[in-house]
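Novice: only the shape, not the letters, is given here:
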């Protein structure tokens, strides 16, 4: 059992995207840092930290109890990218920061939707910060899974079915989620990018129905069928979405500080974007919104003329695309194990054949990770985040002990039996011209292979790599 936990800790040590600072509070956005009072700023960094984004919160508990403040450093999981570019005689400095919420942290297929308290999977706060001529501008967006109780449990199929749990609680769970967002960010515009047909469509319909009970002046819901409108190549049609939400962006703005650090403007609301994974479509959409907001900020500071855009400055344009593409890859790797799909559009401004091939490879890798690796990875996350507490009692049995059919279920073994059966069926078929009895053997081997394959398909879940330490509330 000790070996098992050590193996999980080895996996946890490879956790990507961890950042810390000895001086700056990385868990807070520029606006929240600016709003901190003098008394709060004098506190140790861990006491200033936003608990949602404090990745090492559980690991700090014993140190906090022993009052070891000088040794406590907040760690955030997310992304950090930065560039400088010239616009005429001016130098613009742009930073993109992601902060991943730890409340419902986990892997793509093992953490979906929301918990009963309204905390959602893959919730990430993204802050785009610009420094120019002493001015500082900041714009925050968030992403997060559809805030309903739903699962998508892996079962060896490429796209497992969506399972909505306790549908009657959907309005209450959504209300809790958005109440929390409104307390922290002000007005909220929920942009839903999922399909209107199939399993995604049914999930989106339930989301829209839940939102009908809670929409208000400072909470809006907007559905935009990304795949229907943009297809697989026409992502420039996202300008349609921008025209539909620009009034919200204009009204709620962004943070702007002058050379003296005085607030000239503040952000009064946030755009919350989701698709199913909140990775690929979401990142393309957020990069479009971030681009438009940076252009608004540059116009406000008199750097851009009324119709001037980032695209008219090739170096700035290229740096901005790479910034958001790298950001999307980081967030995606943490949740799905692979870089973001559709990243070629963010990185190059258009879909490319090379990008489509990479998307195909990454889609297959996601299938492999989801079905055969992510259960153990989820256990490592739960162990590190304190969702599973190791007991020292002597009579404790191994937490991952399998029972019944699951104890002997092995996908590699089943696959080898299927391939062996078809191999012998082929050999027997070749011998039919010499002895008709081989036709019987050929059918026998082929039938055995088909039977094993059908059994594996019907019981796909027990052949997948599943988490065993912690079952989240739903």
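Specialist: Happy to help now that I have it. Since the model is a prediction, treat every value here as computed from it, not as a measurement.

Novice: show me where the protein has its strands.
Specialist: 18-20, 75-87, 90-100, 124-132, 135-143, 150-151, 163-164, 187-192, 219-223, 255-257, 263-265, 269-274 (DSSP state E).

Novice: contact partners for residue 157?
Specialist: residue 460 (CB atoms under 8 Å, 6 or more residues apart in numbering). (Each C-beta comes from the backbone N, C-alpha and C, glycine too.)

Novice: on that earlier part again, mind putting the strands of the chain into JSON lines with mean neighbour count, distance to residue 242 and mean pLDDT?
Specialist: Putting those into JSON lines (neighbours: other CB atoms under 10 Å; distance: least, CB to CB, whole Å; pLDDT from 0 to 100) gives the following:
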{"stretch": "strand 18-20", "mean neighbour count": "14", "distance to residue 242": "30", "mean pLDDT": "96"}
{"stretch": "strand 75-87", "mean neighbour count": "18", "distance to residue 242": "22", "mean pLDDT": "97"}
{"stretch": "strand 90-100", "mean neighbour count": "19", "distance to residue 242": "19", "mean pLDDT": "97"}
{"stretch": "strand 124-132", "mean neighbour count": "22", "distance to residue 242": "16", "mean pLDDT": "98"}
{"stretch": "strand 135-143", "mean neighbour count": "23", "distance to residue 242": "13", "mean pLDDT": "98"}
{"stretch": "strand 150-151", "mean neighbour count": "19", "distance to residue 242": "29", "mean pLDDT": "95"}
{"stretch": "strand 163-164", "mean neighbour count": "16", "distance to residue 242": "31", "mean pLDDT": "94"}
{"stretch": "strand 187-192", "mean neighbour count": "22", "distance to residue 242": "11", "mean pLDDT": "98"}
{"stretch": "strand 219-223", "mean neighbour count": "17", "distance to residue 242": "11", "mean pLDDT": "97"}
{"stretch": "strand 255-257", "mean neighbour count": "22", "distance to residue 242": "20", "mean pLDDT": "98"}
{"stretch": "strand 263-265", "mean neighbour count": "13", "distance to residue 242": "20", "mean pLDDT": "96"}
{"stretch": "strand 269-274", "mean neighbour count": "24", "distance to residue 242": "11", "mean pLDDT": "98"}
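
Novice: so residue 228 touches residue 194, yeah?
Specialist: No. Between residue 228 and residue 194 there is no contact under CB atoms under 8 Å: 10.3 Å.

Novice: mind checking which of those two has more residues around it?
Specialist: Legend: neighbour count by other CB atoms under 10 Å for residue 228 and residue 194, higher for residue 194 (23 against 10).

Novice: show me what contacts that one?
Specialist: By CB under 8 Å, 6+ apart, residue 194 lies in contact with 146, 200, 201, 203, 204, 225, 226, 274, 275, 276.

Novice: and the gap between it and residue 56?
Specialist: 33 Å (CB to CB, to the nearest Å).

Novice: if we can go back for a sec, top of the contacts of residue 194 by neighbour count?
Specialist: Ranked by the number of neighbours (other CB under 10 Å), the contacts of residue 194 place residue 146 first, at 28 neighbours.

Novice: which residue is the nearest non-sequential neighbour of that one?
Specialist: Closest residue in space to residue 146, ignoring its immediate chain neighbours: residue 207 at 5.1 Å, by CB to CB, 6 or more residues apart in numbering.

Novice: go ahead and confirm that neighbour touches residue 144.
Specialist: No. Here residue 207 lies out of contact with residue 144, judged by CB under 8 Å, at a distance of 12.0 Å.

Novice: most centrally placed residue in this protein?
Specialist: Of all residues in the chain, the one closest to the mean position by CA atoms, centre = their mean is residue 122, 3.9 Å from it.

Novice: that one contacts residue 142, correct?
Specialist: No. In this structure, residue 122 is not within contact of residue 142 by CB under 8 Å, at 10.7 Å.
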